[in-house]
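Asks: just to be clear, the model below is a prediction. Sequence and coordinates:
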Amino acid sequence: MTSVAPVNGRYQELLERLGEISDLGRARALLAWDERTHMPPGGAEIRAEQLATLTRVRHERLSSDALGSLLDELRPATEELPYDSDEASMVRVTTREWEKARRVPSELRGEIARVASLAERAWLEAKGGSDFALFLPHLARNVALKRRYVECFDDFDHPYDPLLDDFEPRATTAEVRPVLDELREGLRPLVAAIAERADAVDSTCLHGAFPIPDQERLVRGLVTDLPLDQGSWRLDTTVHPFATAITTTDIRLTTRYDETYVGAALWSALHEAGHGMYENGIDPALRRTPLCSPVSLGFHESQSRTWENWVGRGRPYVHRIHPRLRDAFPDHFGRVDPEGLYRAANRVVPSLIRMEADELTYNLHIALRFELELEIFEDRLALAELPEAWNTRTREYLGIDVPDDARGVLQDVHWAAGSFGYFPTYSLGNVIAGQIWALAEEALPDLADRLGHGELEPLRDWLRERLYRHGGKLTPAEMIERLCGGPLTVQPYLDQMRRKFTDIYGLDGR
Ligand code: ZN
């Protein structure tokens, strides 16, 4: 570790302050986890107050004058240190968080949270009755507040930039838009070609009756065999799967069981465990600081998808776990060979619901949401016209008609929750995963062989060394540059998808 001798005492003080801020944030995460896993319904009302208090106190500490002057004092000495040293990164990253926290009045933050929580309630009702008109005034208030939020910043080129920045630090619309355009245009012909050969893949083995206790046993066994540090995770059941880290060695994973489709629990558990593996691999020296987090949401998602799709739906791993599925559910998998299971796991079907989409068409769901968000914040689309714009684009990109708004524009919680700028990170995750996977294959020539023998540590160790342990020291652009020696690029992902699905669907080299 490098040193900041002249200001050592002050640096210690910074760490103490950051430790408290982190404790408040993680305590909030734990309460939020509990709310979704174990809390009896009677706790809901006061839990909302408890979460709001922790949020407010944390924000006060983060945006305090005292923290600001401490950072000012430490900046000159730490800027002399290597860019990615703990100290230089700590002061740089905290300064940015402090500046963002200061720019947005707490009154506006409170209002955004309050209006979003009302909007979420209205959204649930609107979705239930497929009634967009009911949701529209709430959506309008959310968007208006987000416009006020954007106005708190003055150093952006596009009004969508500050929204994106909350999830993908320093990423810009100018940088992300061409990436997602290229991704969409690259995938559409592939998805169309697959649609013509839809019958080539049969996934019926994954559907039927799967008693939940048997699924639980299977999924727990698979997660136990992942290279997550022993004694540092637990797995629970929720309606929507998620992962949250209370610290690097306390990873909370959840999954969802569907009695009629075993894939729901299986691959969502691998997905969430991928998020967990990233957090589990962050250097313990960074705990209780703002650096103890993944680079960005896009990077976080790149790792959940790596373990869910590149590993978990990859041929070697699926062949490896075939006997376990056959033993757990002989009626379903007794007559399917490992290759049949691999094909079933990778069936591509354009569908209405993003959360149920396959690996490929998922990106088209994201493309349409991202484009609509841009149009809203560029003032090119009136909110009242959103359902029609949604339906037109669904037909264009996925080739299907939207029967009602519940299965269309009202399906996701994000816009109700005020999370504009979030959607693109899902697809950025795929793009980043493609770039990193290409590197991993180069660095670990026997990777497929290892995965086929159930040896997952070499991949995990390589990812830890190159990515996980560094936490949030670098921005997404800096991390991609360091890993790949260049910018974010779609080509590796498109190449991998074309190779994989050309093989599975027999597309003769398209
Ligand atoms: Zn995820």
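Replies: Structure's in. What do you need?

Asks: can you give me the pLDDT of the residue nearest to Val295 when sequence neighbours are not counted?
Replies: Once flanking residues are discounted, Val295 sits nearest to Met479: 4.9 Å by Cβ to Cβ, 6 or more residues apart in numbering. C-beta coordinates here come from the backbone N, C-alpha and C atoms, glycine included. As predicted, Met479 sits at a pLDDT of 98.

Asks: so which helix or strand takes in Met479?
Replies: Using DSSP states H and E, Met479 sits within helix 476-484.

Asks: and the contacts of that helix?
Replies: 168-171, 175, 295-296, 298-299, 428, 432, 435-436, 439, 466-467, 470, 474, 486-488 (Cβ atoms under 8 Å, 6 or more residues apart in numbering).

Asks: how about stretch 44-56?
Replies: Taking Cβ under 8 Å, 6+ apart as the rule, stretch 44-56 contacts Leu24, Gly25, Ala27, Arg28, Leu31, Ala32, Glu35, Met39, Ser106, Gly110, Ala113, Ser117.

Asks: excluding its backbone neighbours, what's nearest the second one?
Replies: Think Gly25. Arg58 (5.6 Å).

Asks: so which residues of the stretch 151-300 of the chain form helices?
Replies: 161-165, 173-196, 212-224, 262-280, 297-305 (DSSP state H, counting those that start in this stretch).

Asks: save these as a markdown table, and put in distance to Leu383 and mean pLDDT too.
Replies: Below are these laid out as a markdown table (distance: least, Cβ to Cβ, whole Å; pLDDT from 0 to 100):
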| stretch | distance to Leu383 | mean pLDDT |
| --- | --- | --- |
| helix 161-165 | 16 | 97 |
| helix 173-196 | 20 | 96 |
| helix 212-224 | 40 | 98 |
| helix 262-280 | 32 | 97 |
| helix 297-305 | 25 | 98 |
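
Asks: so which of these is nearest Arg121?
Replies: Closest approach to Arg121 among those is made by helix 161-165 (22.7 Å; Cβ to Cβ).

Asks: packing partners for that closest one?
Replies: helix 132-151, helix 173-196 (3 or more Cβ pairs under 8 Å, 6 or more residues apart in numbering; DSSP states H and E).

Asks: and stretch 312-321, how far from the chain's centre?
Replies: 23 Å (Cα atoms, centre = their mean, to the nearest Å).

Asks: what sits up against that stretch?
Replies: Contacts for stretch 312-321 (Cβ under 8 Å, 6+ apart): 222, 266-267, 270-271, 311, 338-339, 341-342, 345-346, 359, 448-449, 451-454.

Asks: what is the neighbour count of Ala29?
Replies: Neighbourhood size, Ala29 [other Cβ atoms under 10 Å]: 17.

Asks: begin at 438 from here
Replies: Yep, numbering from 438; the last one is Ala466 now.

Asks: what sits closest to it if chain neighbours are left out?
Replies: Thr681 (5.2 Å).

Asks: pLDDT wise, what is that neighbour at?
Replies: pLDDT, read off for Thr681, is 97.

Asks: and if you look at Ala550?
Replies: What the model reports as pLDDT for Ala550 is 86.

Asks: pretty sure it is in a helix, no?
Replies: Yes: according to DSSP: H, G, I helix; E, B strand; the rest coil, Ala550 belongs to a helix.

Asks: let me see the contact set for it.
Replies: Here Ala550 is in contact with Ala489, Thr492 (Cβ under 8 Å, 6+ apart).

Asks: would you mind measuring from it to Val773?
Replies: From Ala550 across to Val773, the span is 48 Å (Cβ to Cβ, to the nearest Å).

Asks: how about His890?
Replies: 22 Å.

Asks: and Leu573, by the same measure?
Replies: 47 Å.

Asks: between those two, who's got more neighbours?
Replies: A direct count of neighbours by other Cβ under 10 Å for Leu573 and Val773 places Val773 higher, at 20 against 16.

Asks: who's in contact with that one?
Replies: Cys642, His759, Arg763, Ala781.

Asks: name the member of those with the most neighbours.
Replies: Cys642 (22 neighbours).

Asks: export the helices and strands packed on helix 598-602 to CSV and tack on distance to Thr692?
Replies: Shown next, in CSV, are those (distance: least, Cβ to Cβ, whole Å):
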stretch, distance to Thr692
helix 569-588, 29
helix 610-633, 27
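
Asks: I'd like to know which of those helices is closest to Arg844.
Replies: Using Cβ to Cβ, those put helix 569-588 closest to Arg844, at 12.0 Å.

Asks: select, out of the helices of the stretch 588-737 of the chain, the one closest to Glu825.
Replies: helix 610-633 (20.0 Å).

Asks: ok, residues contacting that closest one?
Replies: 594-595, 597-598, 601, 605, 785, 787, 797-798, 800-801, 803-804, 807, 811, 834-836, 861, 864-865, 867-868, 914, 924-927, 930-931, 934-935, 938, 942, 944, 947.

Asks: filter the residues you listed to the buried ones?
Replies: 595, 597-598, 601, 605, 785, 787, 797-798, 800-801, 803-804, 807, 811, 834-835, 861, 864-865, 867-868, 914, 925-927, 930-931, 934-935, 938, 942, 944 (16 or more other Cβ atoms under 10 Å).

Asks: show only the entries of those residues found in helices.
Replies: 598, 601, 800-801, 803-804, 807, 811, 834-835, 861, 864-865, 867-868, 914, 930-931, 934-935, 938, 942 (DSSP state H).

Asks: can you tell me how far Tyr834 is from Asn828?
Replies: Tyr834 is 11 Å from Asn828, by Cβ to Cβ.

Asks: hmm, back to that, could I get the helices of the stretch 588-737 of the chain as TSV with distance to Ala481?
Replies: Formatted as TSV, the helices of the stretch 588-737 of the chain follow (distance: least, Cβ to Cβ, whole Å):
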stretch	distance to Ala481
helix 598-602	29
helix 610-633	36
helix 649-661	25
helix 699-717	24
helix 734-742	27
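
Asks: which of those helices sits closest to Arg693?
Replies: helix 699-717 (5.7 Å).

Asks: against which helices or strands is that closest one packed?
Replies: With contacts defined as 3+ Cβ pairs under 8 Å, 6+ apart, helix 699-717 has these neighbours: helix 649-661, strand 670-674, strand 680-684, strand 687-692, helix 734-742, helix 894-903.

Asks: and the contacts of stretch 845-857?
Replies: Contacts of stretch 845-857 (Cβ under 8 Å, 6+ apart): 549, 552-553, 556-557, 559-560, 563-564, 567, 569, 572, 575-576, 579-580, 582-583, 597, 600, 789-792, 806, 810, 813-814, 823-824, 827-828, 831, 839, 859-860.

Asks: and for stretch 663-670?
Replies: So stretch 663-670 is contacted by 660, 685-690, 707, 710, 713-714, 717, 744, 893-894, 897-898 (Cβ under 8 Å, 6+ apart).

Asks: which ChimeraX command selects the buried ones in these?
Replies: The ChimeraX selection below is limited to those of the contacts of stretch 663-670 classed as buried (16+ other Cβ under 10 Å):
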select :660,685,686,687,688,689,690,707,710,713,714,717,744,893,897
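
Asks: show me where pLDDT drops low in this protein?
Replies: 438-444, 946-947 (pLDDT under 70).

Asks: list the contacts for the residue sitting nearest the centre point of it?
Replies: By Cα atoms, centre = their mean, the chain has its centre lying nearest to Glu738, at 3.7 Å. Applying Cβ under 8 Å, 6+ apart to Glu738 gives the contacts Thr862, Tyr863, Leu865, Gly866, Asn867, Ile869, Ala870.
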